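Enquirer: Predicted model follows, preceded by the sequence.
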Amino acid sequence: MNKKIRVLVVDDSAIMRKLITEILKKDQAIEIVGEASDGVQAIEKAKELKPDVITLDIEMPKMDGLTALRHLRKEAPNSKVIMFSSLTQEGAKATIEALSLGAHDFVPKPSTKSFIESVQKIEKELIPKIKALVGYDLPLVSKVSAPARALRPGLYRVLGIGVSTGGPQTLAEILKELPPNFPVPILIVQHMPPLFTTQLAERLDRVSKLKVKEAEDGEPLKEGVVYIAPGDYHMEVVLDNRQKRIKLHQGPPRNNCRPAVDVMFESLADVYGGTTLGLVLTGMGRDGVEGAKKIKARGGGIIAQDKETSVVYGMPRAVVEAGLADEVLPLPQIPQRLKELFRSF
């Protein structure tokens with residue numbers, strides 16, 4: 001892709017705008033096409049400049065980021081929006097709301113007082129997300145020998161879901177369609193920092209007929225409950241006196257992620273074997289491939305979201321190109337397929 005990614009930077013702080021623009025200018029693939037200091041300016045410039053990506057602060061005068069976002073989804077529907085949010089409970093709550101309103105991703109504002117660390121943190125998080133949202137996220141995947149098998153309704157005893165960029169809205173679309181008597185536990189790894197996963201669980205609990213909660217260490221798994229891995233903790237399932245329980249730990253990151261989909265998938269394969277169904281949804285990177293290999297090796301099944309309905313076709317693409325997906329489905333078809341596969345035993 002030779003065309004530069006056109007970015008509009010929106011923040012009420014002149015220092016923050018300068019910091020973001022200077023960081024982004026260092027990347028040859030990115031062009032800063034404009035800046036705005038409040039939501040009103042952001043809407044005007046977005047209509048005029050038609051940027052590929054908008055970085056949008058949540059807290060601004062005149063018009064805050066959430067209000068601006070509602071207008072931007074109508075006035076600049078083709079622009080991808082990345083929210084900048086503070087690492088606080090209120091910031092996390094506003095961010096989850098922004099993602100439900102159509103923002104594509106978010107980057108927490110650095111909490112460190114070190115300027116150099118702030119620059120490195122933004123550079124490390126923001127640039128890959130900008131590139132992923134416009135199609136630069138193309139992981140190289142080596143194919144494995146794991147032929148697709150027909151998925152068998154009524155066989156599976158657990159559902160593991162791995163998701164990243166675009167996850168909150170995608171999860172809401174799926175969970176709100178599932179019945180309250182869903183017959184197995186559902187475990188979700190969504191790449192997010194602490195506080196944000198708490199707010200995500202609360203929001204999904206509101207829109208779903210199922211109970212959705214942030215997972216707690218040592219709690220027993222129950223049918224019809226959705227467990228979300230807390231930010232900065234890997235989530236596994238372990239057998240404890242024949243009781244399946246959640247285990248949370250801060251082992252080394254996998255694929256630069258904690259929680260990691262691979263960690264969860266591998267534990268499900270160990271405990272549930274061939275009765276495991278893994279679902280890999282929208283997200284950047286390739287987290288989930290190694291875990292999917294193990295699920296397949298133990299006789300379980302894997303479903304991947306398709307390219308057309310993924311916000312970022314990174315994680316599902318990696319699974320598909322590795323030859324691990326038994327089915328590749330568009331988002332609107334996934335809830336119905338899950339209902340077919342997890343019919344009451």
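Expert: Structure received.

Enquirer: Now find how far off-centre the helix or strand of the chain with the lowest mean pLDDT is within its chain.
Expert: Least confident helix or strand of the chain, by mean pLDDT, DSSP states H and E, is helix 115-133 with a mean of 86. Here helix 115-133 is found 17 Å from its chain centre; the criterion is Cα atoms, centre = their mean, to the nearest Å.

Enquirer: What strands flank the following helix or strand past it, and is each parallel or antiparallel?
Expert: Beyond helix 115-133 in the direction of the C-terminus, DSSP states H and E gives the next helix or strand as strand 158-163. For strand 158-163, the paired strands and their directions (DSSP bridges) read strand 186-190 (parallel), strand 276-280 (parallel).

Enquirer: Which residues outside strand 158-163 are in contact with it?
Expert: 170-171, 184-191, 221, 237, 261, 264-265, 268, 272, 275-283, 287-288, 291, 295, 315, 338, 342 (Cβ atoms under 8 Å, 6 or more residues apart in numbering). For the C-beta atoms, the positions are set from N, CA and C on the backbone; glycine is no exception.

Enquirer: Tell me where the chain has strands.
Expert: Applying DSSP state E to the chain gives strands spanning 5-10, 30-36, 53-57, 80-85, 105-108, 158-163, 186-190, 211-214, 225-228, 234-240, 243-249, 276-280, 301-305, 327-329.

Enquirer: Let's have those in CSV, adding mean neighbour count.
Expert: Shown next, in CSV, are the strands of the chain (neighbours: other Cβ atoms under 10 Å):
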stretch, mean neighbour count
strand 5-10, 25
strand 30-36, 19
strand 53-57, 27
strand 80-85, 24
strand 105-108, 24
strand 158-163, 27
strand 186-190, 28
strand 211-214, 18
strand 225-228, 23
strand 234-240, 18
strand 243-249, 16
strand 276-280, 28
strand 301-305, 27
strand 327-329, 18
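
Enquirer: As a markdown table, these with distance to Met16 and mean pLDDT would be great.
Expert: Converted to a markdown table, these look like this (distance: least, Cβ to Cβ, whole Å; pLDDT from 0 to 100):
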| stretch | distance to Met16 | mean pLDDT |
| --- | --- | --- |
| strand 5-10 | 9 | 96 |
| strand 30-36 | 10 | 95 |
| strand 53-57 | 7 | 95 |
| strand 80-85 | 8 | 92 |
| strand 105-108 | 12 | 90 |
| strand 158-163 | 29 | 98 |
| strand 186-190 | 27 | 98 |
| strand 211-214 | 30 | 98 |
| strand 225-228 | 30 | 98 |
| strand 234-240 | 33 | 96 |
| strand 243-249 | 34 | 97 |
| strand 276-280 | 35 | 98 |
| strand 301-305 | 34 | 97 |
| strand 327-329 | 40 | 96 |
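
Enquirer: Out of those strands, flag the one nearest Ala148.
Expert: Checking the strands of the chain against Ala148 by Cβ to Cβ gives strand 327-329 as the closest, at 7.6 Å.

Enquirer: which residues sit in contact with Glu219?
Expert: Arg245, Ile246.

Enquirer: Next up, phi/psi of it, please.
Expert: Dihedral pair for Glu219: phi -80, psi 140, per degrees, to the nearest 10.

Enquirer: what's the spacing between it and Lys294?
Expert: 24 Å (Cβ to Cβ, to the nearest Å).

Enquirer: how about the strands of the chain, which one is nearest Ile43?
Expert: Comparing the strands of the chain by Cβ to Cβ, strand 30-36 comes nearest, at 8.5 Å.

Enquirer: Show me what the closest one is packed up against.
Expert: strand 5-10, helix 14-25, helix 39-49 (3 or more Cβ pairs under 8 Å, 6 or more residues apart in numbering; DSSP states H and E).

Enquirer: switch to 10 Å and redo it
Expert: Contact partners of strand 30-36 among helices and strands, from 3 or more Cβ pairs under 10 Å, 6 or more residues apart in numbering; DSSP states H and E: strand 5-10, helix 14-25, helix 39-49, strand 53-57, helix 115-133.

Enquirer: If anything else comes up later, I'll come back, but that's it for now.
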